[in-house]
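S.K.: test case, fold it:
(one chain, ligands or ions: 1)
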Amino acid sequence: MTELANEIRVIIDTEGPMPFDRFMELCLAHPKHGYYITRDPFGADGDFVTAPEISQMFGELIGLWAAHVWSTMDYPERLQLVELGPGRGTLMADALRACRVAPEFLAAIEVTMVETSPILRERQQEALADCGVPVSWAFGLDDVPEGPLIVIANEFFDALPVRHFVRAHDGWCEKLIGNGADGRFFAGMAANPEPLIRADAPLGSILEIGAVSHQYMNALAIKIAEFGGAALVIDYGHTQTCLGDTVQALWRHQPISPLEAPGECDVTAHVDFASLARAAEASGALVSGPVKQASFLTQIGLHHRADALKRRADPAQSLDIDRALARLTATEPEAGAGGKPVPGMGALFKAMAITSSNVPPPPGFEPDGY
Ligand code: SAH
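M.R.: Next up is the predicted model:
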């Protein structure tokens, strides 16, 4: 049993069964034993691979996207370029390198990396050591300096905890995690339903609510509406709010139960883009998309960038570029963790932008019929 499992066991013994979002939060962000706090989980040796780790093109194009959006904001003299949950710092390093073609943009920006993990902060510091622009770190949006801003969030919202409600005879009862007699955790249900949820659905249906994501998006949209700017959210998820449990836990690229090894496996949930969009609009921001990642990347020039890189590449590098391009834009189902078919990354992942009212809709969001 992990140290974190012992600690959760004691909490449950003292306070009673805990809602799933608290369990997920402890698994990922416990200050001593949380998954992101204790390790660098990325890459072939880690638990999962993200788009910036697949190809430099991803960060480069997002950097150029940000420079373009800055121009449509009327070139503010000072701009906060913010990344939420920047992992190894690869996306930002690639973005800033690509933006050397836009020195006026680099002269205007201050970068803020919003990151809670001390290990990943170190990785980010290494990645940005020679980037040539001022960089600072923050724990949350509140610590980001005031002023016009552009925010990037790739695979950030999926790491925020979700609540689960189960449809019972008398209403929606929250899923609670309890201590089993066999030393394992098990999922049960609160005895009384939550009176404020009115949705109707067949018995046993699961309603997943990303309450922390909503709050984050509210705060982000308020900041963007107030100071002017844009945010780009890329993540895997669905465009319409729907029923079902989307939580998945990965350990070394293999699925396991999220209750199995707290703090040792990555636990994520699909992002409900419709509800994030509602949260952004309710806080005074405008929403573009969501569109498929394949569509967004294609519209902002992925294929042109790949061609340009291939002109300077040897045959092995060319093959790598083609493979990365195919992976980032794949829309057909492919074998996912544990061999189960999952939609290709280009369709599973969506991109959505939010903007203040004085900024035109950013590039990349022409409707793709999705
Ligand atoms: N964007 C990166 C990493 C995605 S993984 C990439 O695409 O490769 C999720 C990232 O979010 C990690 O860096 C993790 O430490 C960070 N994170 C998770 N919860 C956070 C929170 N509440 N505040 C800030 N960062 C968080």
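S.K.: how about the closest residue to residue 244 other than its chain neighbours, what does it touch?
M.R.: Spatially, and ignoring its direct neighbours in sequence, residue 244 is nearest to residue 206 (5.8 Å; Cβ to Cβ, 6 or more residues apart in numbering). Every C-beta, even on glycine, is put in place using the N, C-alpha and C of the backbone. Residue 206 is in contact with 164-167, 175, 243-245, counting by Cβ atoms under 8 Å, 6 or more residues apart in numbering.
S.K.: beta partners for residue 206?
M.R.: residue 166 (DSSP bridges).
S.K.: how far away is it from residue 355?
M.R.: 33 Å (Cβ to Cβ, to the nearest Å).
S.K.: going by neighbour count, list what's buried in stretch 34-48.
M.R.: Buried residues in stretch 34-48, defined by neighbour count with 16 or more other Cβ atoms under 10 Å: 34-39, 41-42, 47-48.
S.K.: list just the nearest of those residues to residue 321.
M.R.: residue 42 (20.2 Å; Cβ to Cβ).
S.K.: next one: the closest one from residue 51, what distance?
M.R.: 11 Å.
S.K.: again with residue 20
M.R.: For residue 20, the distance to residue 51 equals 27 Å [Cβ to Cβ].
S.K.: which one's more surrounded, these two?
M.R.: residue 20 (25 against 22; other Cβ atoms under 10 Å).
S.K.: if you count contacts, what does the helix or strand containing residue 354 end up packed against?
M.R.: Residue 354 is part of strand 349-355 when elements are defined by DSSP states H and E. On a contact count with 3 or more Cβ pairs under 8 Å, 6 or more residues apart in numbering; DSSP states H and E, strand 349-355 meets helix 211-227, strand 229-238, helix 273-282, strand 286-292, helix 293-299.
S.K.: residues of the stretch 151-300 of the chain that sit close to the ligand?
M.R.: Within the stretch 151-300 of the chain, the positions near the ligand by Cβ under 6 Å from any ligand atom are 154-156, 159.
S.K.: again with the stretch 1-150 of the chain
M.R.: Counting by Cβ under 6 Å from any ligand atom, the stretch 1-150 of the chain sits next to the ligand at 29, 36, 50, 52-53, 85-87, 91, 114-117, 120.
S.K.: of these - the most surrounded one?
M.R.: Result: residue 86 is most packed of these (other Cβ under 10 Å), 29 neighbours.
S.K.: and the nearest residue to that one once chain neighbours are set aside, what does it touch?
M.R.: Of all residues not flanking residue 86 in the chain, residue 113 sits nearest, at 5.0 Å (Cβ to Cβ, 6+ apart). For residue 113, the contact set (Cβ under 8 Å, 6+ apart) comprises 82-83, 86, 89, 92, 121, 124, 128, 135-138.
S.K.: just those: which are in helices?
M.R.: Judged by DSSP state H, the subset of the contacts of residue 113 located in helices is 92, 121, 124.
S.K.: what's the closest of those to residue 186?
M.R.: When the ones in helices among the contacts of residue 113 are compared against residue 186 (criterion: Cβ to Cβ), the nearest one is residue 121, at 35.3 Å.
S.K.: next, give phi and psi for the residue nearest to that closest one when sequence neighbours are not counted.
M.R.: Nearest residue to residue 121 in three dimensions, chain neighbours excluded: residue 115, at 5.2 Å (Cβ to Cβ, 6+ apart). Main-chain torsions, residue 115, degrees, to the nearest 10: phi -150, psi 140.
S.K.: what number of residues lie near the closest residue to residue 249 other than its chain neighbours?
M.R.: Excluding the flanking residues, the one nearest residue 249 by Cβ to Cβ, 6+ apart is residue 258, at 4.0 Å. When counting by other Cβ under 10 Å, one arrives at 24 neighbours for residue 258.
S.K.: I'd like the distance between residue 195 and residue 171.
M.R.: In terms of Cβ to Cβ, residue 195 sits 7 Å off from residue 171.
S.K.: okay, these two: which has more neighbours?
M.R.: Using other Cβ under 10 Å, the more surrounded residue of residue 195 and residue 171 is residue 171, with 16 against 8.
S.K.: who's that one bridged to?
M.R.: For residue 171, the beta-bridge partners are residue 168 (DSSP bridges).
S.K.: Serialize the helices and strands packed on strand 349-355 to TSV and add fields for mean neighbour count and mean pLDDT.
M.R.: Formatted as TSV, these follow (neighbours: other Cβ atoms under 10 Å; pLDDT from 0 to 100):
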stretch	mean neighbour count	mean pLDDT
helix 211-227	20	97
strand 229-238	25	96
helix 273-282	20	97
strand 286-292	23	97
helix 293-299	24	97
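S.K.: these into a markdown table, with extra columns for distance to residue 335?
M.R.: Shown next, in a markdown table, are these (distance: least, Cβ to Cβ, whole Å):
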| stretch | distance to residue 335 |
| --- | --- |
| helix 211-227 | 28 |
| strand 229-238 | 16 |
| helix 273-282 | 25 |
| strand 286-292 | 20 |
| helix 293-299 | 18 |
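S.K.: residue 15: which of these is closest?
M.R.: helix 211-227 (19.3 Å).
S.K.: which strands and helices lie in contact with that closest one?
M.R.: Using 3+ Cβ pairs under 8 Å, 6+ apart: helix 211-227 touches helix 20-29, strand 149-154, strand 229-238, helix 273-282, strand 349-355.
S.K.: quick one: low-confidence parts of the stretch 251-370 of the chain?
M.R.: Across the stretch 251-370 of the chain, the ranges flagged by pLDDT under 70 are 337-338, 369-370.
S.K.: if we use 90, what do you get?
M.R.: 251-255, 332-343, 366-370 (pLDDT under 90).
S.K.: where does the residue nearest to residue 86 sit: helix, strand or coil?
M.R.: Look at residue 113: counting by DSSP: H, G, I helix; E, B strand; the rest coil, its state is strand.
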